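**Student:** quick one: sequence and predicted model below, then my questions.
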Amino acid sequence: MEQVMNLISFSYVLLLLCSPFALAGHDYGQALSKSLLFFEAQRSGYLPSNQRVKWRTHSGLNDGKASGVDLVGGYYDAGDNVKFGLPMAFTVTMMSWSIIEYGKQMASSGELGHAIAAVKWGTDYFIKAHPQPDVLYGEVGDGNTDHYCWQRPEDMTTDRHAYKIDPSNPGSDLAGETAAAMAAASIVFRHSNPSYSAELLRHAYQLFDFADKYRGKYDSSITVAQKYYRSISGYNDELLWAAAWLYQASNNQYYLDYLGRNGDSMGGTGWGMTEFGWDVKYAGVQTLVAKFLMQGKAGHHAAVFEKYQQKAEYFMCSCLGKGSNNVRKTPGGLIFRQRWNNMQFVTSASFLATVYSDYLSSSGNSMRCSSGIVPPAELLSLAKSQVDYILGDNPRATSYMVGYGNNFPQRVHHRGSSIVSIKVNPSFVSCRGGYATWFSSKGSDPNLLTGATVGGPDAYDNFVDERDNYEQTEPATYNNAPLIGILARLNAGHGGYNQLLPVVVPAPNPVVTKAQPSPKPKISRSPASWSGPISIEQKSTSSWVSKGRTYYRYSTIVTNKSSKLIKSLNLSISKLYGPIWGLTKSGDSYTFPSWVSSLAAGKSLEFVYIHSASPADVSVANYLLA
């Protein structure tokens, strides 16, 4: 028997080596570009003039009208024409997290603008769907009537009823995930669109309060969602998830305290998970809280946050196959959880492994599994192996991303791609006629659903490329959302990562393309909204050119304008790209230098920094008067 097994193993290795993809390597930049195109194919509403997926056009233009609200826009979740709020919000959260961690890498490959546009298509819709603090529309359309028909989005004749949650019909999971999406997206837009960022954060605050105050599962209120996106995990994970994102977005101590106070009772420190996705958020929460701990933000919650981190590492070890309860994998090495759209769990788990690898590397730590110490690089290697499998390094040599490689699914379970474009043939496709003419066709899709990551193979690496095989050939937005972050990371290589520094998402379209003349000395005061007893003044004191690049020295004066002693001070500094002197780093903020313990009334302190850009944004995070 052992000889037979050795022969099988040798044959499998030989098959991989003979695969056309096995040794070729992958173009992660191309895969990233294609992945972002998929979101444009999933758009509902009025499509913009710069729409790149040309076979689609406007759809769902009366959504919300019967309910007296404008719900035009948003995303279709998968191969159908329903707008499901819970997976859509998770999609936006994960796209935003991808940009937050790897936006600079996306910018270097020219894809950051497309990624940010994909997020905004979702958040614009969420703003409409949240017309009052305690009202959120969570679904447009009905899965039962929609699945009875096979029509292009442009031809829809199905019911477009809008379903909402409110205090009498709560949905803490839906409201919590949407709050997380808005908070995460507010970070994405903080640099390029500050007013929009602030608007998103306001919605996130309100949605979290709504979710926390009026508790209940959303599918008990929007019962038509139960068959399609049932909230099996309940809502505690979404409340913690939303709190984590609100803390990351606002630096508000309330949300950090919420995580510390409720970690045990809500399962954040108790649930050891082997999956992460649109329903179950615990592993994501645990990964974020572990980041806060490594950043030195835990404070008196350190003991609780360490328990979150232990559960985060339980998840990572399980994915690596080095834990006490390991995830299942196919013979070809793919993480496998379920038959129906297994790929969603592959991309989500791989994203967590990627960011956690970078968190550990940034902190100089390793991870302990039951099998022993695991270096961060092993987590990144795991993520790479899963992405490579998706792109074609598998026993079938099949790319599960449509349009990538030479061998990818041709008959995707997707209404829009499987029916001739309305621009090519405007003849109306009826509800059941679409099944008779297009769904049953054995031919390839007339429209290429570029970048779509389909459900993927079964537990034994088998895959049947048939349109009615929805378990394997249907794509979903939440398959692609985590993937864009991993692809950006893999495409950019391994230099210059410190994921524990303050988040700085670059502007999507930098306008400065060459060195500019030295600016005139300028003074910038702290934001107009700041009316506290501390003033901040900045000025450029010198500049010079080195290797064709202009550098500036900035001096910043912080003055205590009150009549009392400032015992402690924390400054928030963003858009800082160079070295700084005269302050002490503390987590993601800065405090007094080692030689200063307080700041007397009327006194000032100075710090300086150097970089080749306009002044950093300096503001007061918090302070304490004697």
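**Tutor:** Happy to help now that I have it.

**Student:** pLDDT wise, what is Pro615 at?
**Tutor:** Per-residue confidence (pLDDT) for Pro615: 80.

**Student:** same check on Val13?
**Tutor:** So Val13 comes in at 36 (pLDDT).

**Student:** not counting its neighbours along the chain, what's nearest the residue nearest in space to the middle of the chain?
**Tutor:** Relative to the mean C-alpha position of the chain, the nearest C-alpha, by Cα atoms, centre = their mean, is the one of Met94, at 1.9 Å. Nearest residue to Met94, sequence neighbours excluded (Cβ to Cβ, 6 or more residues apart in numbering): Ala481, at 3.8 Å. From N, CA and C alone the C-beta is placed, and that goes for glycine too.

**Student:** the one you found - how many residues pack around it?
**Tutor:** Residues lying near Ala481 (other Cβ atoms under 10 Å) number 31.

**Student:** hang on, it packs against Ile99?
**Tutor:** No - taking contacts as Cβ atoms under 8 Å, Ala481 lies outside contact range of Ile99: 10.4 Å.

**Student:** just for this protein, where's the confidence low?
**Tutor:** Along the chain, segments meeting pLDDT under 70 span 1-24, 495-496, 509-532, 544-549, 574-577, 581, 587-588, 595, 612-613, 621.

**Student:** a helix runs through the residue nearest to the centre of the chain, doesn't it?
**Tutor:** Yes - the assignment for Met94 (DSSP: H, G, I helix; E, B strand; the rest coil) places it in a helix.

**Student:** the stretch 151-300 of the chain: helices as residue ranges?
**Tutor:** With helices called from DSSP state H, counting those that start in this stretch, the stretch 151-300 of the chain shows them at 172-188, 194-213, 218-221, 236-250, 253-262, 282-294.

**Student:** which strands or helices does the second one pack on?
**Tutor:** The one in question is helix 194-213. Using 3 or more Cβ pairs under 8 Å, 6 or more residues apart in numbering; DSSP states H and E, the elements in contact with helix 194-213 are helix 112-129, helix 172-188, helix 236-250.

**Student:** residues contacting the nearest residue to Leu112 once chain neighbours are set aside?
**Tutor:** Counting by Cβ to Cβ, 6+ apart, Leu112 lies nearest to Met106, which is 4.1 Å off, once chain neighbours are set aside. Applying Cβ atoms under 8 Å, 6 or more residues apart in numbering, we find Met106 in contact with 32, 98-99, 112, 115, 484, 488.

**Student:** can you rerun that using 6 Å?
**Tutor:** 112, 115, 488 (Cβ atoms under 6 Å, 6 or more residues apart in numbering).

**Student:** just say which of the helices of the stretch 151-300 of the chain is most tucked in.
**Tutor:** helix 172-188 (a mean of 31; mean count of other Cβ atoms under 10 Å).

**Student:** what helices and strands are in contact with that one?
**Tutor:** helix 85-108, helix 112-129, helix 194-213, helix 236-250 (3 or more Cβ pairs under 6 Å, 6 or more residues apart in numbering; DSSP states H and E).

**Student:** output those in JSON lines; the columns should cover distance to Arg160.
**Tutor:** Listed next are the helices and strands packed on helix 172-188 as JSON lines, based on distance: least, Cβ to Cβ, whole Å:
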{"stretch": "helix 85-108", "distance to Arg160": "14"}
{"stretch": "helix 112-129", "distance to Arg160": "14"}
{"stretch": "helix 194-213", "distance to Arg160": "24"}
{"stretch": "helix 236-250", "distance to Arg160": "26"}
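
**Student:** out of the ones you listed, nearest to Lys54?
**Tutor:** helix 112-129 (15.5 Å; Cβ to Cβ).

**Student:** identify the residues contacting that closest one?
**Tutor:** Outside helix 112-129, the residues touching it (Cβ under 6 Å, 6+ apart) are 36, 39, 70-71, 73-74, 92, 95-96, 99, 103, 106, 137, 178, 185, 188, 200, 508-509.

**Student:** cool, stretch 161-170 as well?
**Tutor:** 64, 67, 71, 134-140, 171, 174, 214, 216, 218, 221-222.

**Student:** try stretch 342-361
**Tutor:** Applying Cβ under 6 Å, 6+ apart, the external contacts of stretch 342-361 come out as 101, 275-277, 283, 287, 291, 294, 316, 319, 335-337, 376, 379-380, 382-383, 386, 453, 455-456, 478-479, 482-483, 485-486, 489, 497, 499.

**Student:** okay, and which of those map to helices?
**Tutor:** 101, 283, 287, 291, 294, 316, 319, 376, 379-380, 382-383, 386, 478-479, 482-483, 485-486, 489 (DSSP state H).

**Student:** report the buried members of the residues you listed.
**Tutor:** Buried subset of the ones in helices among the contacts of stretch 342-361 (neighbour count, 16 or more other Cβ atoms under 10 Å): 101, 283, 287, 291, 294, 316, 319, 376, 379-380, 382-383, 386, 478-479, 482-483, 485-486, 489.

**Student:** if we can go back for a sec, which residues do Ala481 and Ile99 both contact?
**Tutor:** With Cβ under 6 Å, 6+ apart, Ala481 and Ile99 have no common neighbours.

**Student:** show me the domain layout of this structure.
**Tutor:** Domains of the chain are assigned by the TED database as 28-492, 534-625.

**Student:** quick one: the residue nearest to Ala175 when sequence neighbours are not counted and Ile484, what's the gap?
**Tutor:** Nearest residue to Ala175 in three dimensions, chain neighbours excluded: Ala211, at 3.7 Å (Cβ to Cβ, 6+ apart). Taking Cβ to Cβ, to the nearest Å as the criterion, Ala211 is separated from Ile484 by 27 Å.
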